[in-house]
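[1] pasting the structure only:
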């Protein structure tokens, strides 16, 4: 008696479950092929009176109830057997519904289908179901001829028999391996014609995308071939993206693109001025940002939306779908007439040179080049709240002149909005500085400027708040012998200083006070020594 291995037991169990599922689904008008392909059979569609492809897996929530009704109407079988069949099929469908990989697989199938259709536009044929539409080989031949620019020779253009379909697909696979050098593993014509193996078909399409698009990346006409750079297509694409988007960080080709900021920046980098304000987009509005960026890329850079905006924002978007879409950008060129001139401009003395504190200055917000007319607004942030007044320029509502004045020195940032949306890639900056140094406005006071006691400390204060400059204070004590045994200058407030000194002289000394190299009023001060009787 032949021994039965564990693998044989698993195979027999799978065959048994498959037979039971087929017998149960037979009551619904669904055969075994319909179950595996996730499609209603043509026979059932004819009974419904409409030619429409309805995904069985899309009806997961309703399927168990339909199965239960079918089982209740099935006669001649034990009730326990019918219930067991129902549980097996229900468990199978539930496993499909809870498949964590199902979402990215659906995204990949949609992306690859759009990519194929993009290359089939000139031929007039389109693909609706990737798993079925290549089964006669005709559309697959047309696709490969379009990609390669070569003819595959004679083939059956209207196949009606299975051998003709197998021959057509065989012609394509042979051409790709023998003439184009693709290494296709574990896929044959029966996988496409008879089995409709979606996993293997997706793998074949990915080989086409890699060979005819991703691996053919070029910059400024120079081909970045993986064989020359010794890098994978993924590494080449990532390197190009990181160089283009620097200093932004491109961590990966999937989740890093979910918030819309990278795709907006990429569109503006390839077409400068095409997405103004991309640096200030709100990540919480990721779908809106992504949809706008991808539409601009399609309209003015010629990048087709083979990937949907909602799929790019999906945390489960797969890397191959993202590579397929992003690989269009290195060859993208800005079309003539693109609205890149519609950039809002800011200029004026306040933005072009330092502004003196408490001194009036101004700048202009100019939206003349914008194609539409929207409200211009702005927001100021900085060390304190400045005073400003704005007005529209006479005869041109797209130009706003702003008077600006700030008391506290520091850097102020101006965020400009057009129609409520950020209008500049980066905030505009105004640097407010102290006035130029004016020693005449320095005030000195204290007993240490009139007298001192030898060998004891004397002191005075220096107030340069109103004197401008950056704080260059110079103090000196001059006498006949050793002028000062000790001299200490302490900063006690904003441009306010305390000065302490000790002299051994028993006569008078000169105290020099200079602000930025200029003597303050009264300097040098003559200070007399006084004797204290003990």
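    Thanks, I have it. No experiment lies behind these values; they were computed from the predicted model shown.
[2] do you know how far the spatially most central residue of the chain is from residue 393?
    Centroid check for the chain by Cα atoms, centre = their mean gives residue 262 as the closest residue, at 1.9 Å. As judged by Cβ to Cβ, to the nearest Å, residue 262 and residue 393 stand 37 Å apart. (C-beta placed from N, C-alpha, C; glycine too.)
[3] got any ranges where the chain has weak pLDDT?
    1-101, 218-230, 341-343, 371, 533-534 (pLDDT under 70).
[4] In stretch 297-310, which residues are buried?
    Using 16 or more other Cβ atoms under 10 Å as the test for burial, stretch 297-310 gives 297, 300-301, 303-309.
[5] which residues touch that stretch?
    107, 110-111, 114-115, 118, 263, 267, 270-271, 274, 287, 290-291, 294-295, 317, 321-322, 324-325, 328-329, 332-335, 338-339 (Cβ atoms under 8 Å, 6 or more residues apart in numbering).
[6] What is the distance between that stretch and the centre of its chain?
    15 Å (Cα atoms, centre = their mean, to the nearest Å).
[7] I figured residue 515 was touching residue 444, is that so?
    No: counting by Cβ atoms under 8 Å, residue 515 does not reach residue 444; the two are 9.9 Å apart.
[8] coming back round to it: for the buried residues of stretch 297-310, work out which two are farthest apart.
    The span of the buried residues of stretch 297-310, defined through Cβ to Cβ, is set by 300 and 308 at 19.2 Å.
[9] before we move on, the earlier item: any idea how far the helix or strand where the residue nearest to the centre of the chain lies is from the chain center?
    Take DSSP states H and E as the rule and residue 262 turns out to sit in helix 261-270. Offset of helix 261-270 from its chain centre (Cα atoms, centre = their mean): 7 Å.
[10] Now do that helix: everything it contacts.
    By Cβ under 8 Å, 6+ apart, the residues outside helix 261-270 that reach it are 241, 244-245, 248, 250, 256-257, 274-276, 278-279, 281, 283, 289-290, 292-294, 296-297, 301, 312, 326, 329, 332, 334, 425.
[11] 7 Å instead, please
    Helix 261-270 is contacted by residues 244-245, 248, 250, 256-257, 274-275, 278, 281, 283, 289-290, 293-294, 296-297, 301, 312, 329, 332 when judged by Cβ atoms under 7 Å, 6 or more residues apart in numbering.
[12] Now the buried members of these.
    Buried, going by 16+ other Cβ under 10 Å: 244-245, 250, 257, 274-275, 278, 281, 289-290, 293-294, 296-297, 301, 312, 329, 332, out of those.
[13] Restricted to helices, list those.
    The members of these that map onto helices under DSSP state H are 244-245, 289-290, 293-294, 296-297, 312.
[14] quick one: residue 147 and residue 405, what's the gap?
    Separation of residue 147 from residue 405 (Cβ to Cβ): 64 Å.
[15] scratch that, residue 357 is what I was asking about
    9 Å.
[16] Residue 115 now?
    Using Cβ to Cβ, residue 115 is found at 58 Å from residue 405.
[17] try residue 292
    Computed as Cβ to Cβ, the residue 292 to residue 405 distance reads 37 Å.
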